[in-house]
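[1] Need coordinates for the following:
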Amino acid sequence: MAAFTGFSARTLTRAAVVVQAAESEPEKYAPFVAEMDESKSAHGVYRKLMVAMKAAGIEKEPPPMPRGPFRVLVVDPPWSYDRANDPKYDCASPYPDMSIDQIMSLPVPKLAHDDSILWLWTTNTHIDHAHNIVGIGDSQRKPS
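    Have a look, this model is predicted:
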């Protein structure tokens, strides 16, 4: 145990979870161990592992889509953020993200009633994409 001096129990537990996942499914999760070794951090890699495992679960059994048409739609798409420069992934999303093209291809128009309202969650980073998704991009906005 002397080799692990200075690591918290939480860090050791997270590192063990990453190693256990890699041992159970090496083709999927072995790269996480290599990344953990390279970054000298279990925290970010553990978070990435949790997202990958959630994504695998979603891919196995996607939930059925609701049927419409709906008069009110609330959409909180999993926007993608570039976290490549954060080796610990402290700000990483706890869920799998989607590209702008994937978000734009969601069947929201098919689910919407002709007279409906859309509440689309976004952040400042993606505000222009959000405007384009709902059809009020720069060319369609009225001057203020």
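
[2] centre of the chain versus the helix or strand where D128 lies, how much separation?
    Using DSSP states H and E, D128 sits in helix 127-133. Relative to its parent chain, helix 127-133 has a centroid offset of 18 Å by Cα atoms, centre = their mean, to the nearest Å.

[3] before we move on, what about stretch 28-48?
    Distance, stretch centre to chain centre, for stretch 28-48: 17 Å (Cα atoms, centre = their mean).

[4] mind saving the C-alpha coords of that stretch as CSV?
    This file holds the C-alpha atoms of stretch 28-48, laid out as CSV (Å, rounded to 0.1, in the frame of the first residue of the first chain):
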residue,chain,number,x,y,z
LYS,A,28,-14.1,-1.0,-25.0
TYR,A,29,-12.5,0.3,-21.9
ALA,A,30,-8.7,-0.6,-22.0
PRO,A,31,-7.9,2.9,-23.5
PHE,A,32,-9.3,4.5,-20.3
VAL,A,33,-6.6,2.8,-18.2
ALA,A,34,-3.9,4.1,-20.6
GLU,A,35,-5.4,7.6,-20.4
MET,A,36,-5.5,7.4,-16.6
ASP,A,37,-1.8,6.3,-16.6
GLU,A,38,-0.9,9.1,-18.9
SER,A,39,-2.8,11.9,-17.2
LYS,A,40,-1.9,10.7,-13.7
SER,A,41,-5.5,11.3,-12.7
ALA,A,42,-8.4,9.0,-12.1
HIS,A,43,-11.1,11.7,-11.7
GLY,A,44,-11.5,12.8,-15.4
VAL,A,45,-11.1,9.3,-16.8
TYR,A,46,-13.7,7.9,-14.3
ARG,A,47,-16.2,10.6,-15.5
LYS,A,48,-15.5,9.7,-19.1
